[in-house]
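J.: Generate coordinates for the sequence data below:
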Amino acid sequence: MRPVCPFVKAARPAEPIKKERDSSAPSSAAATVSPKCPLGYDSQTFKLGPLSCMICQALLFDSAQCVPCSHSFCKVCVSRFKDCPLCGADIEKTEPNSELQGLVDRFIEGHARIKRSHNAEEETNTNTNTNSESHNKRVIYEDVSLERGAFLVQQAMRAFRAQNIESAKSRLSLCAEDIRGQLETMGNTSELCSQLGAVLGMLGDCCRATGDASSAVNYFEESVEFLSKLPGNDQEITHTLSISLNKIGDLKYYDGDLQAARSYYFKSLNVRRDAVKHDPNVPSQILDLAVSFAKVADVDRSLGNEDVAINEFQEGIKLLESLTLKSEDTGLEQRRLSVLEFLKNQIVEK
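T.: Numbering: from 1, shown residues only. Okay, here's the model as predicted:
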């Protein structure tokens, strides 16, 4: 299943969900214009600009200025180079660029926090009947956290791909803070729990990438806590939940705690089994279930439960051999054959 951004447009607290405008409605009910970043940095477009690091292509984090050419990049990114990636000049040393970083930080803090009145005509009437109009005029606050959340996740993913892990963690932590603030106001809505669960899982990935297994487990467990509150009929939520459980199992496995690893692997297996029962015609979910059988079986073998492990390997084989894919599902077919070969090899090795 392809990863998707966990953020979607949502109604603000105490504001009705906006509906399609009735053409017969009076012009005074004009819809609010969505705010756009004046520099072009928003969650829907890809832009590099004066606030971007040309190496990781995310917004600058811990900015460092090259000497003598004065070009600035993220400190972690430019530390891998002896020559400036922009002009090719020798890098004698780097110095913190606090002024530029302060600008970036202020930009991020204010991004998408734009107050718009309900329509342009109301703006021109603020000097007439000030008290009554200020009381009646609807003011829409577009995107206090959700749109900024998509923006921050986008920046974090760019930084993570470029191995600038601290930058990714910083953006994701700010995103999580925004969502927690919304949770305090709105309560545990499905949308917010889904978003926070996904972001916490990404923070766990960051910690795992730096070798901080303890923090990674904490983030993954918190991700599971929020995702478990949601109904199990959403494929993306189910997939994210099962992945977080498996990642905790992996960390416990590498730490030598096989019983704990099996517990988390088995929880993931049950989540995926329920997903297949709910919708048996999704090939990717069947593949995920077969992988879960392989993980649980591998731990059972390590624990000395060989007969149980063989049965679990065979369950996975049955699922994959009975799975029929369409001709266009070439990627899934390659994965099916790879997992099937692994499972069969485990039985032969007995």
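J.: which strands and helices sit next to the helix or strand where Glu184 lies?
T.: Glu184 is part of helix 165-186, with elements assigned from DSSP states H and E. Here helix 165-186 touches helix 146-161, helix 190-209, going by 3 or more CB pairs under 8 Å, 6 or more residues apart in numbering; DSSP states H and E. Using the backbone N, CA and C atoms, a C-beta is placed for each residue, glycine as well.
J.: Measure how the first one sits relative to helix 165-186, angle-wise.
T.: What it means is helix 146-161. Computed by axes from the mean of the first three to the mean of the last three CA atoms, to 10 degrees, the angle separating helix 146-161 from helix 165-186 equals 160 degrees.
J.: Just the buried residues of helix 146-161, please?
T.: Under the neighbour-count criterion of 16 or more other CB atoms under 10 Å, helix 146-161 has 146-160 buried.
J.: of all those residues, which comes closest to Phe226?
T.: Gly149 (14.3 Å; CB to CB).
J.: so that closest one touches Leu196, yeah?
T.: No: Gly149 lies out of contact with Leu196 (CB atoms under 8 Å); the separation is 9.5 Å.
J.: Pull up the overlap in contacts between the two.
T.: Ile179 (CB atoms under 8 Å, 6 or more residues apart in numbering).
J.: re the thing from before, quick one: least confident of the buried residues of helix 146-161?
T.: In terms of pLDDT, the lowest of the buried residues of helix 146-161 is Leu146, showing 41.
J.: that older thread, residues in contact with the helix holding Glu184?
T.: Contacts for helix 165-186 (CB under 8 Å, 6+ apart): 13, 56, 58-59, 61-62, 74, 76, 108, 144-146, 148-149, 152-153, 155-157, 159-160, 189, 192-193, 195-196, 199-200, 202-203, 206-207, 209-210.
J.: What pLDDT is listed against the closest residue to Met157 other than its chain neighbours?
T.: Leaving aside its sequence neighbours, Met157 sits nearest to Ala168 (CB to CB, 6 or more residues apart in numbering; 7.4 Å). In this model, Ala168 is scored at 95, pLDDT.
J.: What count of nearby residues applies to Ala168?
T.: Neighbour count of Ala168, defined by other CB atoms under 10 Å: 28.
J.: between the buried residues of helix 146-161, which is nearest Tyr253?
T.: Phe160 (23.3 Å).
J.: these two touch, right, that closest one and Cys207?
T.: No: judged on CB under 8 Å, Phe160 makes no contact with Cys207 at a distance of 11.7 Å.
J.: buried stuff in the helix holding Glu184?
T.: So helix 165-186, judged by 16+ other CB under 10 Å, has buried residues 165, 167-172, 174-176, 178-179, 182-183.
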